[in-house]
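K.L.:
got a predicted model here, sequence first, then my questions.
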2 protein chains.
Amino acid sequence: MKFKREFEKYRGFIFDMDGTTYRGTRIIPKADTTVNYIKSTGRKVLFVTNKTTGTTTEYHAFLKQNGLNILETEILTATKVIKKYISNNFFDFPFFALGEDKFIEELRDEGLTYSADPLRIRIVIVTLDRTLNYEKLEIAARALETGAKFLAANIDDTCPVDNGEILDAGSTISALEKRTHRKLELHFGKPSRFMFDEAIKQIGLPANEILLLGDRIETDIKMGNLFGVDTALVQTGVKSNFADYKDIAPDYILNSIADIII
Amino acid sequence: MKFKREFEKYRGFIFDMDGTTYRGTRIIPKADTTVNYIKSTGRKVLFVTNKTTGTTTEYHAFLKQNGLNILETEILTATKVIKKYISNNFFDFPFFALGEDKFIEELRDEGLTYSADPLRIRIVIVTLDRTLNYEKLEIAARALETGAKFLAANIDDTCPVDNGEILDAGSTISALEKRTHRKLELHFGKPSRFMFDEAIKQIGLPANEILLLGDRIETDIKMGNLFGVDTALVQTGVKSNFADYKDIAPDYILNSIADIII
C-alpha cells in the first residue's frame, strides 16, 4: 500500500464524514485501510462534519467500530465550533435551538443557558432538527422579532441518509427568514471561516500541506477553495451538479477516498 | 350615512377579511354599519380571504355575530378555490396537505382522497398549519420527490394575529423548495387568477365596477393591479412598506374600510 504519486505531498488530510467516510450507516469500502495507512506514515488526519445530531463520542465510537484507528480529538463537529464561539463571546446569553436534544445538551454541558422563553432568549441557533414543529418555529421567530441573534450551526439544505435526503438547517433557515423578515447572521459549519480556522488549528499544519476530501461542492469544496486548501471531490455521497457552482472547483475528482492509495 | 363622492361609482365591494374587516378576534370599528349600508343601496359585497384554518360557516357566523348582515355565499376562501380546481382537474389524485384538520376535512367533504403515504400522494398542498412538524414536512418532501404536484392554497409568508404575525404557507413553501429542489407550481389565494376569476364570477360585475379593499400590498392590492380592479389600502392590518413593492400601487389609502362612508 502506498500513496498515489500526486497525493504523497500532503501532510494532512481532512475528511468529510457523511457521504465521504460513510454513507448512512455503512462505511465507505476501504475507508479504514486508507485512513489507517495515512496515520501509519505519520501524516495527520481530521474528520470534519456539519452534523449536530450526535455527539463527538458517538461519531468516534462508530468510526472505531468500523476499523478506523483514530482518536476522538481527530473529529471536529459544527456543534463544537458554535459552542466555542458562543462561550467565548456571549457566554451569558440564553440560547434557544431548533436542534435535537444531543445538540442542546452539548451546549448546556459547556455551561451555556438554554431558554424556550422568547423574551429571555438572546441567541437563536438553527441546525438539523427531526423534532422540529410549529411551536418551536414560533418560539424562534418571536425571539428573533425581539432582537435575538440569528445563528446556525450549519446551513446545509438537506442531509444525505441511507435512502435519499432529509430536511436540514438551510431549509428551516429560509422559512424563518420569510417569517421574520430577518437574515441569518453567522454560521459555523463548512464552508465558514469559523470551521476552517478551527480545523487548521487542530490539524496543526499550513493550508498548503493539506488535502480536503468531501462529497459536497457547496460546503467541502467551497471551503477548500475559499481558504486555499486543495480539495478532492468524492462520488460516494450527494449527486453534485457542477453547473450550479460555476466558481467552485475541486482539484481532484475521485470515486472514493480510497482512491488516494494504491 | 352616504358614500364619499369618489366611492359612489362602485357597484361591488370586495373586502379582505383578516386585517381589513377584523383584526384577530375584534371587528374593525364601524365595519358593520359600513357593510350593511352598502348592501342597503343594492350594491354587492364579497369577503375574500386566504385563510384556510376555519370553515366558511365559521367565518360567516363570526361576521354575523359582529353585526354584518351578510350571507355565507358572500364569503370566498382559498380553501373553496383550491378544492374546486382539484375537483375539476384531478379528482382521482390522492392529496396530502400541510394544513389543519378543518382544511383537510373541507376537501374530503368534496369527495377528494387524503393520503399520508408518499408513494400514493399525487398532490401536495401547502397552507397555514399550526400542527406542522418534521414528519409532515418529510411526507410532503418525499411525495414531491416521487413526482406529486406542488400546490398551495395561499402563499402568504405570515398571518396577522392579535399580537403580531405567525408563520404561514409562504415560509413553509420556501423550506420545501430548498429541501426538494423543486418550485411551487400553482397557488389559489390572492393574488392568483384562480381567486380573482372566482371572485368576479361570484360578485357578478365587470372588473371596472368593483373596489377591492385590503391591508396587504402583495396580495390584495397586487391582485387588483394585476386584473384591473381599483384598490384601497387600509391601515388596520399589517404594516406595509411601499419601498418593497415598487410596481404595486393602491388607488386609495384609507385609515379603515369605514372611510368609504360619511
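P.N.:
Noted; the coordinates are in hand.
K.L.:
where along chain A do the helices fall?
P.N.:
Applying DSSP state H to chain A gives helices spanning A:31-40, A:56-65, A:78-89, A:101-109, A:134-145, A:169-180, A:193-203, A:222-227.
K.L.:
hmm, who's touching the last one?
P.N.:
Contacting residues not belonging to helix A:222-227 are listed as A:190-193, A:195-196, A:200, A:207, A:212, A:229-231, A:245, A:247-251 [Cβ atoms under 8 Å, 6 or more residues apart in numbering or on different chains]. Using the backbone N, CA and C atoms, a C-beta is placed for each residue, glycine as well.
K.L.:
can you get me a residue count around the residue lying closest to A:Asn133 once chain neighbours are set aside?
P.N.:
Spatial nearest neighbour of A:Asn133, chain neighbours left out: B:Asn133 (4.1 Å); criterion: Cβ to Cβ, 6 or more residues apart in numbering or on different chains. B:Asn133 has 17 neighbouring residues, counting by other Cβ atoms under 10 Å in any protein chain shown.
K.L.:
check contacts around B:Asn133.
P.N.:
Taking Cβ under 8 Å, 6+ apart, we find B:Asn133 in contact with A:Leu132, A:Asn133, A:Tyr134.
K.L.:
hmm, back to that, which one of the helices of chain A is the most hemmed in?
P.N.:
helix A:169-180 (a mean of 24; mean count of other Cβ atoms under 10 Å in any protein chain shown).
K.L.:
ok, that one near chain B or not?
P.N.:
Yes. Applying Cβ under 8 Å from any Cβ of the partner chain, one finds that helix A:169-180 is in contact with chain B at A:Gly170, A:Ser171, A:Thr172, A:Ser174, A:Ala175, A:Leu176, A:Glu177, A:Lys178, A:Arg179.
K.L.:
wait, which of these is closest to B:Lys9?
P.N.:
Using Cβ to Cβ, the shortest approach to B:Lys9 within the residues of helix A:169-180 next to chain B belongs to A:Lys178, at 38.4 Å.
K.L.:
gap between A:Ile260 and chain B?
P.N.:
Computed as Cβ to the nearest Cβ, to the nearest Å, the A:Ile260 to chain B distance reads 31 Å.
K.L.:
pull the number of nearby residues for the nearest residue to that residue once chain neighbours are set aside.
P.N.:
Nearest residue to A:Ile260, sequence neighbours excluded (Cβ to Cβ, 6+ apart): A:Phe7, at 4.4 Å. Other residues within reach of A:Phe7, judged by other Cβ under 10 Å, total 20.
K.L.:
correct me, but A:Phe7 touches A:Ile262?
P.N.:
No. With contact defined as Cβ atoms under 8 Å, A:Phe7 does not count as touching A:Ile262 (9.8 Å).
K.L.:
just the ones of the contacts of helix A:222-227 in strands?
P.N.:
A:Leu212, A:Asp230, A:Thr231 (DSSP state E).
K.L.:
which residues touch the closest residue to A:Glu145 other than its chain neighbours?
P.N.:
Nearest non-adjacent residue to A:Glu145, counting by Cβ to Cβ, 6+ apart: A:Thr180, 5.9 Å away. By Cβ under 8 Å, 6+ apart, the contact set of A:Thr180 is A:Ala141, A:Leu144, A:Glu145.
K.L.:
the last one contacts B:Leu167, correct?
P.N.:
No. Using Cβ under 8 Å, A:Glu145 and B:Leu167 do not qualify as a contacting pair, with a distance of 11.7 Å.
K.L.:
quick one: A:Thr56 and chain B, what's the gap?
P.N.:
Per Cβ to the nearest Cβ, A:Thr56 is found 24 Å from chain B.
K.L.:
tell me who's in contact with A:Ile121.
P.N.:
A:Pro94, A:Phe95, A:Phe96, A:Ser115, A:Ile139, A:Ala143, A:Ala148.
K.L.:
go again using 6 Å as the cut-off
P.N.:
A:Pro94, A:Phe96, A:Ser115, A:Ala143, A:Ala148 (Cβ atoms under 6 Å, 6 or more residues apart in numbering or on different chains).
K.L.:
just the ones of those residues in strands?
P.N.:
Members of these lying in strands (criterion: DSSP E): A:Phe96.
K.L.:
out of the contacts of A:Ile121, which are buried?
P.N.:
Buried members of these, scored by 16 or more other Cβ atoms under 10 Å in any protein chain shown, are A:Pro94, A:Phe96, A:Ser115, A:Ala143, A:Ala148.
K.L.:
ok, and for the worst-scoring helix or strand of chain A on mean pLDDT, which residues are buried?
P.N.:
Among the helices and strands of chain A, strand A:158-161 carries the lowest confidence by mean pLDDT, DSSP states H and E, at a mean of 86. Neighbour-count burial for strand A:158-161, counted by 16+ other Cβ under 10 Å, picks out A:Thr158, A:Cys159, A:Pro160.
K.L.:
direction included, what does it pair up with?
P.N.:
Applying DSSP bridges to the sheet, strand A:158-161 is found paired with strand A:164-167 (antiparallel).
K.L.:
tell me the buried residues in the strand it pairs with?
P.N.:
Buried positions in strand A:164-167, judged by neighbour count with 16+ other Cβ under 10 Å: A:Glu165, A:Ile166, A:Leu167.
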